[in-house]
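Trainee: starting from these lines, generate the structure:
(one chain, ligands or ions: 1)
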Amino acid sequence: MEADVTSPRTLEHIVPDLEAIVTPAQVLQRGHDDFEKYGADETEDLVFLPDVVVRPETTAQVSKILTLCYREKVPVTPRGGGTGLSGGALPVHGGVVLSLERMNRILEIDKANYFARLEPGVITQTFQEIVEAEGLFYPPDPASRGTCTIGGNLAEGAGGPRALKYGVTKDYVYGIEAVMPQGEIVRFGGKRLKDVAGYNLLGLLIGSEGTLAVITEATMKLIPLPRYRKTLLVPFPEMAAAARTVPAIMGRGIVPCAMEFMERACIKSIEAHLDKKIQHSDAAAQLLIEVDGNDETQLEREMEIIAEECEKEGALDVFLAETTAKQNEIWDMRRSAGEAVKSVSAYKEEDTVVPRANLPALIEGIHEIADRWSLSIISYGHAGDGNIHCNILKRDLEDSYWNEVLPKAIEEMFQLTVRLGGTISGEHGIGYSQKRYLPIAMGQSEIGVLKRIKESLDPLGLLNPGKIFPDS
Ligand SMILES: Cc1cc2nc3c(=O)[nH]c(=O)nc-3n(C[C@H](O)[C@H](O)[C@H](O)COP(=O)(O)OP(=O)(O)OC[C@H]3O[C@@H](n4cnc5c(N)ncnc54)[C@H](O)[C@@H]3O)c2cc1C
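Mentor: Numbering: from 1, shown residues only. The predicted structure is shown next:
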């Protein structure tokens, strides 16, 4: 099922055809100033250079490119903003990188039906700001929202801090236009809240990591923008106490729009990265808690209950952001966690997720495993969703020790995650870097079903090859 490795001659042969489909300026080859960036994403230090990069502007162009590449047996790797954390956009078999960055128009904001139609290359934050100016709200907010694209969000099934109250990307996708691996253009769903005609193929394409189709348009649900939000930052003397507070708050009947966890080492790395003092940065962990809604008095009552639960667990302070500027400052700090941790040392990030109530056991267990293998770990993430990003740091370990021990420690962490009712990726996908661990989360039969779907839609295995399925 894996793609053939193409010879350079084959690609030289198709470059004029690609240039005729788009324009010569939108076909990049080695030597172009921008070429190398298409060989990497945000996944550790992995680099795989493509042979050619193509940047189409229309669905018809995408269709012609896929038809040509299928005929010539050239692998194609779709790419959005290149912020992926599992190597999904890396052209691991070379061939063509199909960048959707120039398909970046918002086609319609339908205020009567609360829907928007947009192209895949729209930056998520741009989309959010545009609909918010209209009094509407698109909640899914990956921390990378300033640089990731809607197409990448659909392909990864992206989440974000607000998933706790509002759900993830898949909960907002009602229609997709896509180009299938052999060039056929298809449309599923649309601006309708109910639609059970045929199989639920939106569900299949969302989270398919660019391996089943190239998404060229999305119809996304919008909701009214809540009028008020209140943001708290709460330091705790122990990690376990912060973790226990999350289900305790939910147990009081409150659903915050975000409950984000950062352990001390994470806060310290943010302080160093931003060169800025953070209050109580010596506390073992901090929770960023946000509530939103239209009734300010109700939100104030909820905050009192939240403060009560935090204090029961020994919170060192309950800091309320009094102004929008202060709220933004707290969120900027949280959103910089990924970059901050990355600047500490070489690392490997794992995207563990468990049922929320099992979070204390997950955090404790992961630290125990790291200690046993003498590995250093920094964890942070979406505690309200039971989704914690564990960053295992190389620091000054010898390469040989790191290369030998790391996969063993990760396997143990994932086995623990699965025992706790969780799985090996909550939002970053399997892509290239996690595929060897898929059998920990799925049995032979389940992986077999996935493979049969892939083979039936892409018999030559040319669309984003080398992803999701473990090497056999
Ligand atoms: C600092 C940081 C913070 C992050 N925070 C979060 C977070 O909070 N939540 C979260 O879920 N993720 C997060 N991520 C991961 C990443 O931003 C998401 O996975 C995002 O959805 C990737 O979007 P992208 O446009 O960058 O896609 P890319 O990285 O370009 O591609 C990702 C995958 O999507 C496929 N793809 C892209 N566009 C299309 C298309 N149009 N059609 C078909 N396939 C396509 C690619 O082939 C690839 O497999 C974070 C990343 C960083 C660096």
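
Trainee: switch to C-alpha atoms for all contacts and neighbour counts from now on
Mentor: Will do.

Trainee: may I have the predicted confidence score for residue 3?
Mentor: On the pLDDT scale, residue 3 is placed at 52.

Trainee: please, which helix or strand holds residue 381?
Mentor: Applying DSSP states H and E as the criterion places residue 381 in strand 376-382.

Trainee: go on, residue 126?
Mentor: Here residue 126 is assigned to helix 124-132, by DSSP H and E.

Trainee: quick one: that helix near the ligand?
Mentor: No: Helix 124-132 is not in contact with the ligand by Cα under 6 Å from any ligand atom; minimum separation 8.4 Å.

Trainee: in the helix ranked longest in the chain, which of the residues would be classed as buried?
Mentor: Secondary structure assigned by DSSP state H gives helix 399-419 as the longest helix of the chain. Using 16 or more other Cα atoms under 10 Å as the test for burial, helix 399-419 gives 402, 406, 409, 410, 412, 413, 414, 415, 416, 417, 418.

Trainee: sorry, back to before: elements contacting the helix holding residue 126?
Mentor: Contact partners of helix 124-132 among helices and strands, from 3 or more Cα pairs under 8 Å, 6 or more residues apart in numbering; DSSP states H and E: none.

Trainee: what is the mean pLDDT for it?
Mentor: For helix 124-132, the per-residue pLDDT averages 98.

Trainee: residues making contact with stretch 367-383?
Mentor: 160-161, 243, 246, 258-263, 265-266, 337, 341, 356, 359, 387-395, 405, 409, 412-413 (Cα atoms under 8 Å, 6 or more residues apart in numbering).

Trainee: how about the residues of the stretch 101-250 of the chain by the ligand?
Mentor: Checking the stretch 101-250 of the chain against the ligand by Cα under 6 Å from any ligand atom, the hits are 120, 142-144, 148-149, 151-153, 155-156, 158-160, 209-210, 213-216.

Trainee: filter the contacts of stretch 367-383 down to the buried ones.
Mentor: Buried among the contacts of stretch 367-383 by 16+ other Cα under 10 Å: 160-161, 243, 246, 258-263, 265-266, 337, 341, 356, 359, 387-394, 409, 412-413.

Trainee: in helices, which of the residues you listed appear?
Mentor: With helices taken from DSSP H, the overlap with those comprises 243, 246, 265, 266, 337, 341, 359, 409, 412, 413.

Trainee: from those residues, which is closest to residue 200?
Mentor: residue 359 (31.7 Å; Cα to Cα).

Trainee: give me the distance between the longest helix of the chain and the centre of its chain.
Mentor: Relative to its chain's centre, helix 399-419 lies at 22 Å (Cα atoms, centre = their mean, to the nearest Å).

Trainee: then stretch 334-345?
Mentor: 16 Å.

Trainee: quick one: end-to-end distance for it.
Mentor: End-to-end distance for stretch 334-345, by Cα to Cα, to the nearest Å: 19 Å.

Trainee: circling back to that earlier point, between the buried residues of helix 399-419, which sits nearest residue 438?
Mentor: Ranked by distance to residue 438 (Cα to Cα), those are led by residue 414 at 9.7 Å.

Trainee: for that closest one, which non-adjacent residue is spatially closest?
Mentor: residue 424 (5.9 Å; Cα to Cα, 6 or more residues apart in numbering).

Trainee: quick one, grab the pLDDT at that neighbour.
Mentor: The model's pLDDT for residue 424 equals 98.

Trainee: I figured it hits residue 353, correct?
Mentor: Yes: counting by Cα atoms under 8 Å, residue 353 is a contact partner of residue 424 at 6.7 Å.

Trainee: need the overlap of contacts for those two.
Mentor: residue 417.

Trainee: follow-up on the earlier one: now do the longest helix of the chain: which elements does it pack against?
Mentor: strand 347-353, helix 359-372, helix 438-441.

Trainee: okay, buried residues for the second one please.
Mentor: By neighbour count, and taking 16+ other Cα under 10 Å as the criterion, the buried residues in helix 359-372 are 359, 360, 361, 362, 363, 365, 366, 367, 369, 370.

Trainee: same check, this time on the first one
Mentor: Along strand 347-353, the positions that meet the burial threshold by neighbour count (16+ other Cα under 10 Å) are 347, 348, 349, 350, 351, 352, 353.

Trainee: now for that strand, which elements pack on it?
Mentor: strand 387-393, helix 399-419.

Trainee: and with 10 Å instead?
Mentor: helix 337-342, helix 359-372, strand 376-382, strand 387-393, helix 399-419 (3 or more Cα pairs under 10 Å, 6 or more residues apart in numbering; DSSP states H and E).

Trainee: what about the residue of the stretch 251-400 of the chain found nearest the ligand, neighbour count?
Mentor: Going by Cα to the nearest ligand atom, the ligand is nearest to residue 338 of the stretch 251-400 of the chain, at 4.6 Å. Using other Cα atoms under 10 Å, residue 338 has 20 neighbouring residues.

Trainee: for it, list the residues it contacts.
Mentor: For residue 338, the contacting residues are 42, 143, 144, 266, 269, 270, 349, 380, 381, 389, 391, by Cα atoms under 10 Å, 6 or more residues apart in numbering.

Trainee: which helix or strand contains residue 175?
Mentor: Using DSSP H and E, residue 175 falls in strand 173-179.

Trainee: how far does that strand sit from its chain's centre?
Mentor: 19 Å.

Trainee: among the residues of the stretch 101-250 of the chain next to the ligand, name the ones in strands.
Mentor: Among these, DSSP state E puts 214, 215, 216 in strands.

Trainee: what residues does the stretch 251-400 of the chain have near the ligand?
Mentor: Near the ligand, when you scan the stretch 251-400 of the chain using Cα under 6 Å from any ligand atom, you find 338, 339.

Trainee: where does the stretch 251-400 of the chain dip in pLDDT?
Mentor: For the stretch 251-400 of the chain, no stretch has pLDDT under 70.

Trainee: give me the pLDDT for the nearest residue to residue 126 once chain neighbours are set aside.
Mentor: Spatial nearest neighbour of residue 126, excluding adjacent residues (Cα to Cα, 6+ apart): residue 146 at 7.5 Å. The per-residue pLDDT reported for residue 146 equals 97.
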